[in-house]
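Student: how does the following fold in three dimensions:
(chains A and B)
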Protein chains: 2
Amino acid sequence: MTGKERTRIVIVGAGFGGLFAARGLRHADARITLVDQHNYHLFQPLLYQVATAGLAPSDIAWPIRGILSRQKNVTVLLDRVSGVDTTSREVVTHERRIPYDYLVLATGARHAYFGHDDWEPHAPGLKSIDDATSIRRRVLMAFERAEMTDDEELKASLLNFVIVGAGPTGVELAGTIAELARRTLAADFRRIDSRSARIILVEAGPRVLPAFSEKLSGYARRALHKLGVEVLLGRAVTHCDADGVVVGDQHIPAATVLWAAGVAASPAGTWVGAETDRAGRVRVNVDLSVNKLPNVFIVGDAAAVKDKDGVPVPGIAPAAKQQGRYVASVIMARLENKAAPAPFRYRHAGNLATIGRKSAVIEFPFLRLSGFLAWWVWGIAHIYFLIGVRSPMTVAINWFWQYVTYGRGARLITGERK
Amino acid sequence: MTGKERTRIVIVGAGFGGLFAARGLRHADARITLVDQHNYHLFQPLLYQVATAGLAPSDIAWPIRGILSRQKNVTVLLDRVSGVDTTSREVVTHERRIPYDYLVLATGARHAYFGHDDWEPHAPGLKSIDDATSIRRRVLMAFERAEMTDDEELKASLLNFVIVGAGPTGVELAGTIAELARRTLAADFRRIDSRSARIILVEAGPRVLPAFSEKLSGYARRALHKLGVEVLLGRAVTHCDADGVVVGDQHIPAATVLWAAGVAASPAGTWVGAETDRAGRVRVNVDLSVNKLPNVFIVGDAAAVKDKDGVPVPGIAPAAKQQGRYVASVIMARLENKAAPAPFRYRHAGNLATIGRKSAVIEFPFLRLSGFLAWWVWGIAHIYFLIGVRSPMTVAINWFWQYVTYGRGARLITGERK
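Tutor: Numbering: from 1, shown residues only, chains lettered A, B, ... in the order given. So this is what the prediction gives:
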């Protein structure tokens, strides 16, 4: 320590963006505070596996303190941020104000209902561990209640599962719920046949997995069909309540409706009074800083970034990682009075999505793959990217075990029943 | 199906007693209904590992339907029993009445506060998954809050962990929390030293692990001491509130107090109007039936059974298993009009307890063991007895990983914060 105070860097959010920003600053002579409302980093790409009872929450989440325990310039704070005071340069939580010289907001996104917030209680989305365990409880309880009831109409509604939105999350939820009903639970009930459950995937656009090529998108639709998923394309949900959904002019009674149709950025933009796009993402500068606030950066799903061709950077984990790492390099350059790095440039590694336990679609820049081999590539890639999350070996063994037995061990109904 | 109705057997509770009764009746020409308030069987001997973030809930719990999916004469019902009508022979739940010809009550025990029920919110016990995740949240949040506060008095109270009762559960909780503080979390905090936490085990009796021989009990006390656990013997807790506990005339400020001092049977005895002992257990006949109700049986922690020397059968998993299996044989004999089996006789297999990650005490009829080797025997025995629970391989790998890294992967704070 010299006579002068060390630079204070505050990072809000310990998702991929925040974590990679913190790691990129490991050699910084600074006091870094990483604030998150949870004590764990969540591997969101596998959250659907928790929601469908394939993995336990602790298989895909890892204590932030554990990940950063050796990086002594970081203090982790478990707290909920309520705003930013850009004048006094302080992050405001319910209990304290945290002064910063540099601020990185990596606050991610939540599911959004586009003006229909009253749908949320009936059609929960999937962004957090609590979302996932709540969806797991709903799905499993629907089968339990169907087994118990003598009311045929109620039984039909309990065995209808509607998933809204056919991006990767919607496709993965539909595929795994279909397998749960057709295989895992097939021998478990005495009064219902779980295989008679209807899994209905509703998509307003013309095809599933719109981020993929038409060919892979077509493959995915056929793979879903083989699993017994009904895919309704070009049909928007116009109403949603406790009884089910209305799709076009058709009412589908369903006790379980899951929302995978869209996300909106967290309120980071509002906190710093910045210009946002329709989804609430902040339009950042080429160095990912906020306009007129050169010391405030936004990374990941909270930022609206375009690649060199003007195409929006997708809200996926690799993009958040790259942005976190980039912002760390910008701050390092300033701390060391070096030239600023070149503007942020997104490198697209590829798109992946899995459809049930036997197939996947993969689109790398120079390789497209579908089917069983793609599933293995997908599995290996995900295990590989589980940065320090649990023992990747454990996840691998769980998967292998599940694959062999069709069992889903995390099939527990805990907490409050809905 | 013949013209006559098939015999109806109702089993309440899917712990070891209920599950082994159901399995013992797998060849019965009967309609068996197994009712439980949860959808999973819980391997209670490892519950303390969930409470201390070593294992995930789904590592030690397994869906009842999955366990019994191949036994077609069993219907599993997820429901909460509120009473038994012994006149009309019906089990009463909030939603329905279930008629029975034979009834097996395997409803287990809850922790008991012996006239101090107002202590429960301040000193939670450990009997269910929700208990375990709630204790995990409390313990982890105590360290988080200690890291955040500037109030030295509050900090000291947050870093005091009092465990009341030095039976196996109390010893296991104290040992693992000590290791959590001394090893797992040692590098994680910046403002507190988690190793300075005090772990205090309070026992009213003269020694720890009273069910073991004096020699092993002494070994366990020394092993706890080495882990940094303060053991207070012959000292009863006389008061307990949000600020801590009073032990004798000493007030110990503690934000976390855990209760492992005693259990009371579930209300099965009240349901059937039977004579119970002080802990609420039903004094059953030699065939484990209830006095004057020859078709109603009680097994496991809800029953007060004596072995041939008049010594009470302990409330441990092997005893419940033996009783469940025995009652199945009694019912089978009656169904097949055969002679009744000889009175129930308990076979004591041994006592086991583990103290942290390096030692255990084991007392088999012809073998006493302590230390590191005992720990391995304990580990292997438990993995062996995980009947169908998850992949035992997964549990084994988790343990091995944990053992190598001192990490505790299930260290998530989820749900409501206390």
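
Student: domain ranges for chain A?
Tutor: A:7-111+A:264-335, A:117-261 (automatic domain parsing).

Student: would you reformat these as JSON lines and include mean neighbour count and distance to chain B?
Tutor: For the C-beta atoms, the positions are set from N, CA and C on the backbone; glycine is no exception. Formatted as JSON lines, the domains of chain A follow (neighbours: other CB atoms under 10 Å in any protein chain shown; distance: least, CB to the nearest CB, whole Å):
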{"stretch": "domain A:7-111+A:264-335", "mean neighbour count": "21", "distance to chain B": "4"}
{"stretch": "domain A:117-261", "mean neighbour count": "20", "distance to chain B": "4"}
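
Student: same list (the ones you listed) but as CSV, adding distance to B:Arg136 and mean pLDDT.
Tutor: As requested, those are arranged in CSV below (distance: least, CB to CB, whole Å; pLDDT from 0 to 100):
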stretch, distance to B:Arg136, mean pLDDT
domain A:7-111+A:264-335, 10, 93
domain A:117-261, 14, 95
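
Student: of these, which is nearest B:Glu336?
Tutor: For the domains of chain A, proximity to B:Glu336 was assessed by CB to CB; domain A:117-261 is nearest, at 23.9 Å.

Student: and the end-to-end length of the closest one?
Tutor: One end of domain A:117-261 to the other measures 13 Å (CA to CA, to the nearest Å).

Student: gap between it and the chain center?
Tutor: 18 Å (CA atoms, centre = their mean, to the nearest Å).

Student: on that earlier part again, quick one: which of the domains of chain A is nearest B:Tyr48?
Tutor: Across the domains of chain A, B:Tyr48 has its closest neighbour in domain A:7-111+A:264-335 (16.1 Å, CB to CB).

Student: the stretch 151-300 of chain A: strands as residue ranges?
Tutor: A:160-164, A:198-203, A:229-233, A:237-241, A:244-247, A:250-253, A:256-259, A:263-265, A:282-283, A:289-290, A:293-298 (DSSP state E, counting those that start in this stretch).

Student: quickly run through the sheet partners of the last one, with directions.
Tutor: Its sheet considered, strand A:293-298 pairs with strand A:102-105 (parallel), strand A:289-290 (antiparallel) by DSSP bridges.

Student: go on, the fourth one?
Tutor: For strand A:237-241, sheet partners with direction are given as strand A:244-247 (antiparallel), following DSSP bridges.

Student: need the residues that contact the partner strand.
Tutor: With CB atoms under 8 Å, 6 or more residues apart in numbering or on different chains as the test, strand A:244-247 has contacts from A:123, A:157, A:160, A:162, A:164, A:202, A:232, A:235-240, A:251-255, A:257.

Student: now with 10 Å, please.
Tutor: Residues from elsewhere that reach strand A:244-247 (CB atoms under 10 Å, 6 or more residues apart in numbering or on different chains): A:119, A:122-123, A:157, A:160, A:162, A:164, A:200, A:202, A:204, A:232, A:235-240, A:251-257.

Student: stretch A:144-157 now?
Tutor: By CB under 10 Å, 6+ apart, the residues outside stretch A:144-157 that reach it are A:142, A:158-160, A:188-194, A:196-198, A:242-244, A:252-256, A:413, A:417, B:39, B:65, B:75-79, B:95-96.

Student: gap between the two ends of that stretch?
Tutor: End to end - CA to CA - stretch A:144-157 spans 13 Å.

Student: what pairs with the residue nearest to A:Asp79 when sequence neighbours are not counted across the strands?
Tutor: Using CB to CB, 6 or more residues apart in numbering or on different chains and skipping the chain neighbours, the partner closest in space to A:Asp79 is A:Thr93 (4.5 Å). Beta-bridge pairing of A:Thr93, defined through DSSP bridges, involves A:Val81.

Student: need the CA coordinates for the helix or strand that A:Leu19 is a member of. PDB is fine.
Tutor: Taking DSSP states H and E as the definition, A:Leu19 sits inside helix A:16-24. What follows is helix A:16-24, C-alpha atoms only, in PDB (Å, rounded to 0.1, in the frame of the first residue of the first chain):
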ATOM      1  CA  PHE A  16     -20.500 -15.300 -16.600                       C
ATOM      2  CA  GLY A  17     -20.000 -11.600 -17.300                       C
ATOM      3  CA  GLY A  18     -19.300 -10.500 -13.800                       C
ATOM      4  CA  LEU A  19     -17.100 -13.500 -12.900                       C
ATOM      5  CA  PHE A  20     -14.900 -13.100 -16.000                       C
ATOM      6  CA  ALA A  21     -14.500  -9.400 -15.400                       C
ATOM      7  CA  ALA A  22     -13.400 -10.200 -11.800                       C
ATOM      8  CA  ARG A  23     -11.000 -12.900 -13.100                       C
ATOM      9  CA  GLY A  24      -9.600 -10.600 -15.700                       C
END
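
Student: what packs against that helix?
Tutor: strand A:7-12, strand A:30-36, strand A:40-42, helix A:64-67, strand A:74-78, strand A:102-105, strand A:293-298, helix A:317-335 (3 or more CB pairs under 10 Å, 6 or more residues apart in numbering or on different chains; DSSP states H and E).

Student: now it, how far from the centre of its chain.
Tutor: With CA atoms, centre = their mean as the basis, helix A:16-24 stands 17 Å off its chain's centre.

Student: please apply the same query to stretch A:33-42.
Tutor: That offset, for stretch A:33-42, works out to 15 Å (CA atoms, centre = their mean).

Student: same deal with stretch A:313-332?
Tutor: Mean-position distance between stretch A:313-332 and its chain equals 16 Å (CA atoms, centre = their mean).

Student: same question, stretch A:247-265
Tutor: Mean C-alpha position of stretch A:247-265 versus that of the full chain (CA atoms, centre = their mean) differs by 18 Å.

Student: pull up the distance across it, start to finish.
Tutor: First-to-last residue span, stretch A:247-265, CA to CA: 26 Å.

Student: returning to what we had before: how about the residue nearest to A:Asp79, what does it touch?
Tutor: Residues near A:Thr93 by CB under 10 Å, 6+ apart: A:12, A:35, A:37, A:77, A:79-83.

Student: before we move on, the earlier item: want to try TSV for the strands paired with strand A:293-298, with distance to A:Tyr326 as columns?
Tutor: Output for those, formatted as TSV (distance: least, CB to CB, whole Å):
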stretch	distance to A:Tyr326
strand A:102-105	11
strand A:289-290	11
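
Student: of all the helices and strands packed on helix A:16-24, which one comes closest to A:Ala268?
Tutor: Closest approach to A:Ala268 among the helices and strands packed on helix A:16-24 (CB to CB): strand A:102-105, 4.3 Å.

Student: send me the closest one as PDB with only the CA atoms.
Tutor: Output of strand A:102-105 as PDB, limited to C-alpha atoms (Å, rounded to 0.1, in the frame of the first residue of the first chain):
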ATOM      1  CA  TYR A 102     -15.000   1.800 -11.800                       C
ATOM      2  CA  LEU A 103     -18.300   0.000 -12.000                       C
ATOM      3  CA  VAL A 104     -19.200  -3.100 -14.000                       C
ATOM      4  CA  LEU A 105     -22.900  -4.000 -14.200                       C
END
